[in-house]
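Novice: Curious how this folds, go ahead:
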Amino acid sequence: MPSSVYSPLADLVRERKGPVYPLNVGDTWMEPFEGARMEDLHTADLPGLHRYCETGGIPPLVDALVERMRERTGLPWEREQLLVTAGATSGLACAVSALVDPGEEVLILAPFWPLIRGIVQSQRGIPVEVPFYDRVHSMEDAIAAVEARITDRSVALYVCTPSNPTGRVLPAEWLEAFASVASRHDLWLLSDEVYADYVYGASHVSLAAFAPDRTISVHSFSKAYGMAGNRVGYLAGPAAAIAEAHKVGVHSSYHAPHAGQIAALRALEGGDAWVAHAREVYRKAGEDAAAVLGLPAPQGSCFLFVDVRPVLDERGLIGFLEKCLEDGVVLSPGASSGSDYADWVRLCYTAVPPEQAAVAVRHLARRIGCLV
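Specialist: Okay, here's the model as predicted:
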């Protein structure tokens, strides 16, 4: 497990003089909407703000999440099926710990969110990479790709849609087919839906709609509402599995930050307009970046995944990343998203304001020969 997955050039980045465009980390340049920022929380109005709170989430937030999940999925969620976690990262770690024994396998559609492989490894599970998003284009091929990797040690399938890092949104019929595969092979489904609010043109459907008895969905206020530093996410799934994940959470993070949960509740109550505005800003930035780089426009999320094999020299990807850093552009190495993608790079076009993203993307385009 590497200690750094987003930039192998961190020391060089710190030493650089001049502008830096950190497109390597999936974040937003936007601040949360007014009313849900840390500066808006006052102990005079919120007694106990700095004390411990309920380990599964403060009750008003859990109740609000139950209603939100009912609205979005049409399923009859109850409080015991929701767990507020210290970010989606901790939530997935708790879910994997609850479901996976040492030596058991988790199938991961690749290229993938860089931390999921290490999460499985940290629980002594075996991550099994399924090359997928850049090469599977039919439902039949999608099912074949997954079933080819299933063994008698397989216990779960991790699916991320909208995809980090490719920007693809998987069709509902593919997700329904995954649910059938999971049923046939008795697999859990780990459904990473942290970018569900950021879909452009396509439509997002939760895996839970097709397999509620074997799906654990993970969501994030970091991505939905620009609150990455607050460390609040949540899991939704079968009550028995959520109860086990809760135990792990208690013995690792204890609970999500109290102040972060209050900000999250305010986001649910009043943040829809902020999300709509962010979605439009992100869509435009993504379409511009894709057009400049000669890629299809992203269907969702905040990322593009770029094959740079044609322009690599004897120094390989590290040499290419160093050249990009000469322009101030910092990118994530593709190997962090899958063993088959060592000569790719991931970029987040929302990490800096749109005008800066446009400059950075054009620097990259020149490096790969899209601009002269």
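
Novice: tell me the mean pLDDT over stretch 216-231?
Specialist: The average of the pLDDT scores along stretch 216-231 is 96.

Novice: next one: stretch 260-272
Specialist: Rounded mean pLDDT across stretch 260-272 is 96.

Novice: what about the helices in the chain?
Specialist: Under the criterion DSSP state H, the chain contains helices at 10-15, 59-73, 87-99, 114-122, 139-147, 172-185, 221-225, 239-250, 258-270, 272-293, 316-326, 354-367.

Novice: Could I get the ones you listed in CSV, plus columns for mean neighbour count and distance to Leu347?
Specialist: C-beta: built from backbone N, CA, C; applies to glycine. Output for those, formatted as CSV (neighbours: other C-beta atoms under 10 Å; distance: least, C-beta to C-beta, whole Å):
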stretch, mean neighbour count, distance to Leu347
helix 10-15, 11, 15
helix 59-73, 17, 29
helix 87-99, 25, 20
helix 114-122, 20, 13
helix 139-147, 16, 25
helix 172-185, 17, 25
helix 221-225, 26, 16
helix 239-250, 18, 32
helix 258-270, 21, 26
helix 272-293, 17, 7
helix 316-326, 16, 10
helix 354-367, 19, 7
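
Novice: between these, which gets nearest to Trp344?
Specialist: Trp344 sits nearest to helix 316-326 of all the helices of the chain, at 8.3 Å, using C-beta to C-beta.

Novice: And the residue of the chain most remote from its centre, how far from Arg68?
Specialist: Of all residues in the chain, Ala44 has its C-alpha farthest from the mean position, at 35.2 Å, by C-alpha atoms, centre = their mean. Applying C-beta to C-beta, to the nearest Å, the value for Ala44 to Arg68 is 29 Å.

Novice: again with Gly260
Specialist: Distance of Gly260 to Arg68, computed by C-beta to C-beta: 17 Å.

Novice: Equivalent analysis for Glu280, please.
Specialist: Distance, Glu280 to Arg68, by C-beta to C-beta: 21 Å.

Novice: pLDDT of stretch 58-67, averaged?
Specialist: For stretch 58-67, mean pLDDT rounds to 98.

Novice: per-residue confidence at the closest residue in space to Val281 that isn't next to it in sequence?
Specialist: Among residues not flanking Val281 along the chain, Pro354 sits closest, at 6.5 Å (C-beta to C-beta, 6 or more residues apart in numbering). On pLDDT, Pro354 comes in at 97.

Novice: mind listing what Asp192 touches?
Specialist: Ala88, Leu92, Trp113, Ile116, Tyr158, Val159, Cys160, Thr161, Asn164, Val218 (C-beta atoms under 8 Å, 6 or more residues apart in numbering).

Novice: Surely the last one touches Ala88?
Specialist: It refers to Val218. Yes. Taking contacts as C-beta atoms under 8 Å, Val218 lies within contact range of Ala88: 5.0 Å.

Novice: Common neighbours of those two, please.
Specialist: Counting by C-beta under 8 Å, 6+ apart, the contacts common to Val218 and Ala88 are Asp192, Val194, Gly233.
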